[in-house]
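Undergrad: take this sequence and fold it.
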Amino acid sequence: MKDSCGRTIEYMRISITDRCNLRCQYCMPDGTDKVSMKDILTYEEILSLTRCAAQLGIRWIKITGGEPLVRKNCVFLIRELKKIPGIEKVTLTTNGILLPQYGRELWKAGLDGVNISLDTMDREDYIQLTGFDGLVQVLEGLEMMKSLVPVKINCVSIKERVEKQWKNLVDLCRTSQVDVRFIELMPIGLGRQFPSMDNQEILEQIKREYPQLKPDERRHGNGPAVYYHCHEWPGSVGFISAVHKKFCSGCNRIRLTARGRLKTCLCYDQGVDLLSMIRRGAEDEEIRKAMEKAVWEKPAAHCFDRPEEITEEDMMSGIGG
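TA: Below is the predicted model of the structure:
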């Protein structure tokens, strides 16, 4: 499936809930509104829309939230997504709290990989950031999952935190086969209130500590991360620098929100309401045409460097991570 810029769109991120069991300051603190279950896509609707997307060329699926594992029967959804013709990989982004409980079932269901959101390795700092004493569970889940599927750690580059925590996080890829990625905070929703650190600054600090660090040209997944590696390290360190180093020319993704909106760029509110279409009984052909039209109209680039032009007013928890 091509957009008007000639980019091949193969990757769809699907949010299955806007709810979460943490209260991270920059994402979903106490008081964030929650959408009623009747207003979000059912699993059957998600599977139907994914079949349509696969017929248009979507090959890779990322399940997100909120926190996807707080929604019941997420394992069932993973298993059924894996059965759809054309879908090659299904991965999951999670805060890791429930991985000790569900991780092995997810692997048995066919999960191809997991991204764990983790911004700090300090227990007290974790409690302050998330409002929950859950670091032990996250690390337990990490330890279990890395023996089953490829694991990546996602750390949001909030300046005051990452300056103190990057070395402890990098130690994870120095000592185990885990990739650690630093992700510049998107100026969406509450993210506008927190200063994000330029990933180039983090890279320079890491290079001063580990001068042997070199670019890693190996393929690590389907996203835009740029990786670096030391010969003796089992894992690699990556950077997703949406704000300071645009990668829009190679963007291959779309997002399906829990409320059924097909969204083609994070910072604009344009897209198509697939929930309404599927609930009024639209045929698959009509839905595919709506998807194709939305993709064709995908913006050429985001405007995070020009915040006054951002038209998306939803929280990231409502869009999907």
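Undergrad: tell me the helices and strands packed up against the longest helix along the chain.
TA: Selection of the longest helix in the chain by residue count, based on DSSP state H, yields helix 159-175. Secondary-structure packing of helix 159-175 (3 or more Cβ pairs under 8 Å, 6 or more residues apart in numbering; DSSP states H and E): helix 123-130, strand 151-156, strand 179-183, helix 199-209. All C-beta atoms are positioned from the backbone trio N, CA, C, and that covers glycine.
Undergrad: ok, how many other residues are close to the closest residue to residue 251 other than its chain neighbours?
TA: In space, and not counting its chain neighbours, residue 251 is closest to residue 7: 6.1 Å by Cβ to Cβ, 6 or more residues apart in numbering. When neighbours are defined as other Cβ atoms under 10 Å, residue 7 has 18 of them.
Undergrad: wait, what's in contact with residue 7?
TA: Counting by Cβ atoms under 8 Å, 6 or more residues apart in numbering, residue 7 makes contact with 249-252, 298.
Undergrad: one more: residue 88?
TA: Neighbours of residue 88 in contact, by Cβ under 8 Å, 6+ apart: 59-60.
Undergrad: save the helices and strands packed on helix 159-175 as CSV, and put in mean neighbour count and mean pLDDT too.
TA: Below are these laid out as CSV (neighbours: other Cβ atoms under 10 Å; pLDDT from 0 to 100):
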stretch, mean neighbour count, mean pLDDT
helix 123-130, 16, 93
strand 151-156, 24, 94
strand 179-183, 24, 94
helix 199-209, 15, 92
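Undergrad: quick one: closest of these to residue 231.
TA: Distance to residue 231, taken as Cβ to Cβ, is lowest for helix 199-209 among the helices and strands packed on helix 159-175, at 14.8 Å.
Undergrad: surely residue 127 and residue 133 touch.
TA: Yes - with contact defined as Cβ atoms under 8 Å, residue 127 counts as touching residue 133 (5.2 Å).
Undergrad: in this structure, where is pLDDT below threshold?
TA: 31-33, 187-195, 242, 244-246, 304, 307-308, 312-318, 320-321 (pLDDT under 70).
Undergrad: how does it look with 90?
TA: Filtered on pLDDT under 90, the chain yields the residue ranges 18-19, 23-37, 66, 156-165, 183-200, 217-225, 231, 240-251, 265-271, 299-321.
Undergrad: tell me which stretches of it form strands.
TA: 11-15, 60-64, 89-94, 113-117, 151-156, 179-183, 214-216, 226-229, 237-240, 253-256, 261-263, 271-273 (DSSP state E).
Undergrad: who does the last one touch, helix- and strand-wise?
TA: In terms of contacts (3+ Cβ pairs under 8 Å, 6+ apart), strand 271-273 is packed against strand 261-263, helix 284-296.
Undergrad: for the fifth one, same thing?
TA: Strand 151-156 is packed against strand 113-117, helix 135-145, helix 159-175, strand 179-183, with contacts defined by 3+ Cβ pairs under 8 Å, 6+ apart.
Undergrad: now the second one, how far from the centre of its chain.
TA: Averaging C-alpha coordinates over helix 135-145 and over its chain gives two centres that are 19 Å apart (Cα atoms, centre = their mean, to the nearest Å).
Undergrad: likewise stretch 117-125?
TA: Using Cα atoms, centre = their mean, the offset of stretch 117-125 from its chain centre is 18 Å.
Undergrad: as CSV, could you dump the C-alpha coordinates of that stretch?
TA: In CSV, the C-alpha atoms belonging to stretch 117-125 read as follows (Å, rounded to 0.1, in the frame of the first residue of the first chain):
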residue,chain,number,x,y,z
SER,A,117,8.7,0.7,28.6
LEU,A,118,11.2,1.4,31.3
ASP,A,119,12.6,4.9,32.1
THR,A,120,14.6,4.2,35.2
MET,A,121,16.3,1.4,37.0
ASP,A,122,16.0,3.0,40.4
ARG,A,123,13.2,1.8,42.6
GLU,A,124,12.4,5.1,44.3
ASP,A,125,12.6,7.0,41.0
